[in-house]
Each structure stands twice: as C-alpha cells, then as structure tokens.
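Asker: next one to model:
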Amino acid sequence: MSGIFPLASPEQNTGSGYENRDDIDPRYRWDLNNIYTDLADWEKDCKSIKDNIQSLASIQGSLKDGPEELLRFLQLSDSAGRLFDRVWYFPGLAFDLDQRNNELNARKQLVEDLSAQYATSTSWFDPELIAIGQATIHKWMNNNNSDLALYRFHLDEIFRQAEHVLDEDGEQLMALSARFGSTPSQTYSMLTTADATFPEVELSDGSKRKITPGTYSSLLRTLPKQDDREKIFRAHFGLYQQFTNTYASIYNGILQRGWFNARARGYANVLESKLHRFAIPSSVVHTLVESARNGMEPLRRYHKIRRKALGVEKYYLYDSFAALIQHETRYEYGDAEKQIIASVAPLGKDYQATVREAFEHRWVDVYETEGKRSGGYMASVYGIHPYILMNYHGTMDDVFTLAHEMGHAMHSVLSDKHQPFTYAGYTIFVAEVASTLNEALLLDQLLENAQSADERIVLLQHAIDSIAGTFFTQSMFANYELEAHQLAEAGQPITGEVLGEVYHNLLKSWYDDAIEDEELYQLTWARIPHFFHSPYYVYQYATSFAASSAIFDTMQSATSEEERQEVVSRYHTLLQSGGSDHPMELLKRAGVDLNDSSAVNSVVRRLDALVSQLEKELELT
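Answerer: Numbering: from 1, shown residues only. All right, here's what the predicted structure looks like:
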C-alpha cells in the first residue's frame, strides 16, 4: 500500500465546521468514485487479492525452475499491490471523513488481515531467491528478458540485504512475531487517548479549556498572557508526570523490541537496522545531529529576540508558541488556491498546471465536518490520483499545510507517471523534500505580496517556527533516540528517571541560555508519539528539510535562467524517480549530498537570514 504523508498532527476527531457534508459544494469534497463506484467492485477485488495470495504461495519451491516462475511471482505481487492500494484506501479514506462509522472501520480491518496473510504467505520468497544466487538471477535478466530486468534494482536489494535475511523458518517466526510487536505502541495509544482523562484549566479571563494533545499547541499560540501559558503547560505535562513509570515501561518495550529485531538479523545496533534497508550510512544521522547542534546559534538568537518582544522577564519553551504580535490574516480557500498555484511557477508550467488540476478535480477534501480525522495528509492511490485531506479554517497555518500536502501530491503524481508500480513508492527520507520546498516557495510569494510590517512579522515567525520544528527539534529528537537506544543496547536500566535525565541534558546542551530551565520538560520524551510508533523516523524530517533547503538555496542563487532551469530539471528528476534507487543516490542527482554538512549549513544560513529580517521588521513596529 502507498504511504500516507501527514503533517504531524494527532489522529483524533475534531469539532464541526459543517454539520453535514452535503452542505458543502461538491468541488470541495473528495470523489471516491474514482476508486470504486460501488461496494461490489471493492469486494470483488478483495476476493482477487485472496486468489493472488494463494497463487503466490503455490509458487513456493519452484523459483529455481527458471526465470518464468520468478517473473510470475513478481508480476502477481505487483498485481496484488495495486489492488491493495485501492481496497485499502476506498474504506480508509471514507472512514477518515467520518471516524464514527464502524462499518468502514470493519472493512479496514478486513484489508489489514489480508495484508497480514500476504506477508505470511510470501515470507519464503527472500530465502528461496537468495538460495538461487545473484549470479544466476543476473544471467536470467541478461538473457534478453526485459520483463524480468525491470525488477533488477528490487532483486539486487534483496541480495544486498541477504546477510540479514534468515532461513525460511526464521523468516516465518519473524513474520509471526510482528503480530504482537505492535502491542507497546497500541498500549501507548490507549493510554494517551482512550484511557486518558484530560485536565481542564481555568484561564485568567474565567474561561475553562480542556487540554488534549490536539489542543495543547494551538492554545499556547493564542494565549497572550504568560501565566495562562504556564497553566496550560503544567496541566498537559502533569498528565505524563502522573504515569511516568508506565510510559517508561512501554518505551522500554519499544527499545527492547528494536534491539531484539536488530540482533536477530545480525545488525550491530538498532540504528543500523533501520538505515540498512535504504543503504543510508549511520554517519548521516550522526552528521545531522552534530551539525544541527553546532548550528543552533540563530535559533538561540531568535528566542532571545522573542523574550524581548514578548516583554517577559523569564522565557520558557512554552513561550515559544506565543504570537509576537496580535495580527491575523484570514485566507479564503479560493485565495489560498491562487496563491499556491502562483507560488509554484518557478517549477515550470507543467508542474503548475497539475497543481491547478488538483484543485479543480476534487483531489482535496477541504472543510472540517463532524467525525472527520483532524490535521492534514496526502494519500496517493496508484493509477488514480492523490487525495489530500484538510480541515481548512482560513488560517495561515492552513494555507501552508495545503501547500505542504500539495508538494507530496506532486511528488506522487510525477513518480506514478514515470515509474512502474514496483518503484512508484518513495521513502520518507526524500518524501519531505517536495512538501517543504513548496512551503518555501509559498513563503516567498506571500512575503512579496504582504501589505504591512505586521503581516510580514507573522509570516516570518511562521517560517522560523517551521524550521525550528521540522529541522532543529527533529534533529534533537534524533539525538535523544540515539542515546535511548544505546542505553538498551548496553543493557542499562530504562526508567522514567533515566529517560528524563537524558532528555533534560540534551535540552540544556541544545538551547543553552536561550530558555529557562524547567524540570517538567524532561518528560517531553513521553509525549512524542513517533518515539513509540516509529523509532528512528523523525531524523528523516530533518534530512528531507535539509535537502529541500539546499535545492531551494541553489535555485535562488542561480546566476542565469539557464542555470536555474538546470536546478529545476534535476529536482524534477528526483520527483520522477520514485523509489527506483537508494534515496541518497536520488538526492545526489538533485545536487544534494547528505554525507557532509553542506545541506545542514544551508538551513542554518536560511534561518539566520529570516531571524535577521524578523529583527528588522520588529524594530519598525
């Protein structure tokens, strides 16, 4: 199944924008009939997947008979994958429009079960292929078999990872163990959502607010008084303080699971096991962490400017959410469309035309309704088109979220157009390049058209906060994960106190004197869902952002139109390549090498320029 690329947001139901979806103009609602026109067709494809699974299982033991059987397996697998895309997203997207619908949820679970059956029934493939030998497979591909040669990169990847593939019994055992491997993350989800009693806080104006993971950040952004922000902070973090030992026990389960899987497959550590699949050297993460930490000075300077602008004696991390000035520009959805279409003009007429098509042909489900999943994401259905989910209210954040998800959509469009299904999917390591480049282009567009210093200040704060959150915070999170996993790998005790001390020390080393020390912040590790759901995932937000920044920097600094077009052409090649090569190699073709610190340095330079521009604008107000 193709990936969903969300803008980080808790997955919970939100309040109503429209009570009834039928009240919304169809132009602003998804048309899922492009996937299936009726349930009978969906059920027919589910049956086809079951048949494919049986056919795939029947090939076991016959790969050695020759290239015909190998090709039959690969083509059947692709056929099943294309069907999985459709049968998963048809109920999945519909469910996200109304998460109260248990019937749709049941259909999702049916597809999840099919996916588990597929994994179990094909777990024999890699060991059997490896037993044949890479030389024989290459001979088959080189013998005028162009259909089989299509899968060269895919098959070579299996041989590259052969030393970490177990025998047939071992792979079967690993496939079975995966079924309960998700228990710690599921427990975390239940503890933080279904079983949580969210606190209510009375603010200085007498109003009462319930503090949930979904409302925490948004409330801090809207509260001008520091005392109110502190109340929100203490109430929210108190929820994690109450169950620190339980969270530590769950996280220890995550760490031990990762170490078990790494050792079972012969990796030196968990980081290597996570990176090897994509041929990413561990040095990339270490270089990222070191370079980002060394480049913190512009961000520290930003927080010191904020302290002065907010007029607070002591400045805490929860103050970093507060607006520098009280100015709000509302963006009608139609205006947001026009701004985004205009902003991508530097990427070429064809790119711009496809963005326009996305808006005109119902790729975006725009407005919030009862039961709709919160936040925003892009999901691409191969052979159909991408779907973008929004909960649009006209804020600046909404406009940038829309541009962000449209970047993901364009990546998928170009990949699907130029790659067969086998290589259409792309890794998260490169996924955030298109999304964040779109945001950078939109920022330039909006700054150029800003009507006042106040509007420019709001835009600059948004841009700086985005860099801080997407790059520097994620890099610090990666630093934390490195140290936490190293504790488990060394057999050290994992307790709430130990994890808190690790995080607290990192916070002090990264921010230095830019923020006041606050003991409760050592509990931050317990409230980061990615640590529990997707270990060693967050660093990829930072590497993607660094790559995007490097490409944007090169595009902006081009000294001629010919040079700029060459940069754009290399960028298009990256998006068109999907997953047809290792992500580091794909980025090199776009002019970015993450083996050194140059890409990170481009982020630091951009942040420094934005902070300086903000400082000047504040002096004018």
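Asker: do a quick rundown of the helices in the stretch 451-600 of the chain.
Answerer: Secondary structure of the stretch 451-600 of the chain, counting by DSSP state H, counting those that start in this stretch: helices at 453-467, 474-489, 496-511, 529-533, 539-556, 561-576, 583-589, 598-620.
Asker: got a pLDDT number for Gly375?
Answerer: On pLDDT, Gly375 comes in at 85.
Asker: same deal with Thr621?
Answerer: Looking at Thr621, its pLDDT is 68.
Asker: tell me which of the helices of the stretch 451-600 of the chain sits most buried.
Answerer: Ranked by mean neighbour count, these are led by helix 539-556 with a mean of 25 (mean count of other CB atoms under 10 Å). Backbone N, C-alpha and C define where each C-beta goes, glycine included.
Asker: for it, packing partners?
Answerer: Packing contacts for helix 539-556, counted by 3 or more CB pairs under 8 Å, 6 or more residues apart in numbering; DSSP states H and E, involve helix 282-294, helix 428-449, helix 474-489, helix 561-576, helix 598-620.
Asker: which among these is found nearest to Ile325?
Answerer: Among those, helix 598-620 comes nearest to Ile325, with 8.4 Å by CB to CB.
Asker: got the angle for that closest one vs helix 428-449?
Answerer: Put simply, helix 598-620 runs at 30 degrees to helix 428-449, going by axes from the mean of the first three to the mean of the last three CA atoms, to 10 degrees.
Asker: distance to Lys139 added to the helices of the stretch 451-600 of the chain, as a markdown table?
Answerer: What follows is these, written out as a markdown table (distance: least, CB to CB, whole Å):
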| stretch | distance to Lys139 |
| --- | --- |
| helix 453-467 | 51 |
| helix 474-489 | 41 |
| helix 496-511 | 52 |
| helix 529-533 | 43 |
| helix 539-556 | 37 |
| helix 561-576 | 30 |
| helix 583-589 | 25 |
| helix 598-620 | 40 |
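Asker: phi, psi for the residue of the chain positioned farthest from its centre please.
Answerer: Most distant residue from the mean C-alpha position of the chain: Asp65, 41.7 Å away (CA atoms, centre = their mean). With angles defined as degrees, to the nearest 10, Asp65 sits at phi -70, psi -20.
Asker: strands of the protein, residue ranges please.
Answerer: For the chain, the strands defined by DSSP state E occupy 4-7, 200-202, 208-210, 364-365, 376-380, 386-389.
Asker: helices and strands around the shortest one, which ones?
Answerer: So the one you mean is strand 364-365. Strand 364-365 sits against strand 386-389, with contacts defined as 3+ CB pairs under 8 Å, 6+ apart.
Asker: neighbouring strands of the strand it packs on in the sheet, and parallel or not?
Answerer: According to DSSP bridges, strand 386-389 forms sheet pairs with strand 364-365 (parallel), strand 376-380 (antiparallel).
Asker: now for the helices of the stretch 451-600 of the chain, which one comes closest to Leu414?
Answerer: Comparing the helices of the stretch 451-600 of the chain by CB to CB, helix 561-576 comes nearest, at 4.2 Å.
Asker: and the closest one, C-alpha only, in PDB?
Answerer: Provided in PDB are the C-alpha atoms of helix 561-576 (Å, rounded to 0.1, in the frame of the first residue of the first chain):
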ATOM      1  CA  GLU A 561      17.900  31.400 -16.200                       C
ATOM      2  CA  GLU A 562      19.700  28.500 -17.800                       C
ATOM      3  CA  GLU A 563      21.400  27.600 -14.600                       C
ATOM      4  CA  ARG A 564      18.100  27.900 -12.700                       C
ATOM      5  CA  GLN A 565      16.300  25.700 -15.200                       C
ATOM      6  CA  GLU A 566      19.100  23.100 -14.700                       C
ATOM      7  CA  VAL A 567      18.400  23.100 -11.000                       C
ATOM      8  CA  VAL A 568      14.600  22.700 -11.600                       C
ATOM      9  CA  SER A 569      15.300  19.900 -14.100                       C
ATOM     10  CA  ARG A 570      17.400  17.900 -11.600                       C
ATOM     11  CA  TYR A 571      14.700  18.500  -9.000                       C
ATOM     12  CA  HIS A 572      12.000  17.100 -11.300                       C
ATOM     13  CA  THR A 573      14.200  14.100 -12.000                       C
ATOM     14  CA  LEU A 574      14.300  13.400  -8.200                       C
ATOM     15  CA  LEU A 575      10.500  13.500  -8.000                       C
ATOM     16  CA  GLN A 576      10.100  11.400 -11.100                       C
END
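Asker: number the residues from 33 up from this point.
Answerer: That works, and once the first residue is 33, the last one we named lands at helix 593-608.
Asker: ok so, going back, what's the most buried one of the strands paired with strand 418-421?
Answerer: Sort these by mean neighbour count, taking mean count of other CB under 10 Å, and strand 396-397 sits at the top with a mean of 26.
Asker: care to break this protein down by domain?
Answerer: For the chain, the structural domains run 65-213, 230-359+524-565, 365-399+406-488+571-652, going by automatic domain parsing.
Asker: need these in JSON lines (columns: distance to Ala500).
Answerer: JSON lines is the format used below for the domains of the chain (distance: least, CB to CB, whole Å):
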{"stretch": "domain 65-213", "distance to Ala500": "29"}
{"stretch": "domain 230-359+524-565", "distance to Ala500": "6"}
{"stretch": "domain 365-399+406-488+571-652", "distance to Ala500": "8"}
